[in-house]
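# sharing a sequence plus its predicted fold:
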Amino acid sequence: MKAIVQRVSSASVSVEGEVLGQIGRGLLVLLGIGAEDHDSDLDWMVDKVVHLRCFEDDRGKMNLSVLDTQREILCISQLTLYGDCRRGSRPSFDKAANPSLAFGFYEKFIDKIGKKGVIIKAGRFGAKMTISLTNEGPVTLFLDSQM
């Protein structure tokens, strides 16, 4: 499982002009599901995202998590995180999970984050979405449960 995590001042996702989710200060999580992912990868990613200390404390150090700050998360499914661009000019998605497996993990991710006490909003799995964000910092982190 892979994720790009961005600390944002604001973010929103829309499909065909309809806003599906929006947050103020918090995290935008672009989540990719791999064909080899298991429940242990899901649990690792959920734990990592909610405990990731990427918000500044009163001394200006990145020492606080989304849980500590009571910030929100906007989660977007992101197949292209598994795009392999090493050969040729067109990405290969051989290592990405099939849509039914990926959808299940995506839904579980959202549910588990919510059960941790974090407000989470989400895009629509498999849809062509428009994402708007204001990256704060900028802070952008890459997480991979297989590394």
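Yep, that arrived.
# isn't Lys116 right up against His51?
No: counting by CB atoms under 8 Å, Lys116 stays clear of His51, with 9.1 Å between them. Heads up, the C-betas are built off the backbone N, CA and C, glycines and all.
# intersection of neighbour lists for those two?
Listed contacts common to Lys116 and His51 are Leu67; contacts here mean CB atoms under 8 Å, 6 or more residues apart in numbering.
# hey, what's the residue nearest the centre of the chain bridged with?
Per CA atoms, centre = their mean, the C-alpha nearest to the average position across the chain is that of Val29, at 2.1 Å. Applying DSSP bridges to Val29 gives these bridge partners: Val5, Cys75.
# ok, it touching Ser77?
No: contact criterion CB under 8 Å: Val29 and Ser77 do not qualify, at 10.0 Å.
# run a quick neighbour tally on Ile131.
14 (other CB atoms under 10 Å).
# please, which helix or strand holds the residue lying closest to it once chain neighbours are set aside?
Nearest non-adjacent residue to Ile131, counting by CB to CB, 6 or more residues apart in numbering: Val13, 5.4 Å away. Using DSSP states H and E, Val13 falls within strand 2-15.
# could you do Gly114 as well?
Using DSSP H and E, Gly114 falls in helix 99-115.
# alpha carbons only: can I get that helix in PDB?
Provided in PDB are the C-alpha atoms of helix 99-115 (Å, rounded to 0.1, in the frame of the first residue of the first chain):
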ATOM      1  CA  PRO A  99     -10.600  -2.800  -8.800                       C
ATOM      2  CA  SER A 100     -12.700  -5.000  -6.500                       C
ATOM      3  CA  LEU A 101      -9.800  -5.700  -4.100                       C
ATOM      4  CA  ALA A 102      -8.700  -2.000  -4.200                       C
ATOM      5  CA  PHE A 103     -12.300  -0.800  -3.500                       C
ATOM      6  CA  GLY A 104     -12.500  -3.000  -0.400                       C
ATOM      7  CA  PHE A 105      -9.200  -1.800   1.000                       C
ATOM      8  CA  TYR A 106     -10.100   1.800   0.300                       C
ATOM      9  CA  GLU A 107     -13.400   1.500   2.100                       C
ATOM     10  CA  LYS A 108     -11.700  -0.300   5.000                       C
ATOM     11  CA  PHE A 109      -9.100   2.400   5.200                       C
ATOM     12  CA  ILE A 110     -11.700   5.100   5.500                       C
ATOM     13  CA  ASP A 111     -13.700   3.200   8.100                       C
ATOM     14  CA  LYS A 112     -10.600   2.400  10.200                       C
ATOM     15  CA  ILE A 113      -9.400   6.100  10.200                       C
ATOM     16  CA  GLY A 114     -12.900   7.100  11.300                       C
ATOM     17  CA  LYS A 115     -12.800   4.600  14.100                       C
END
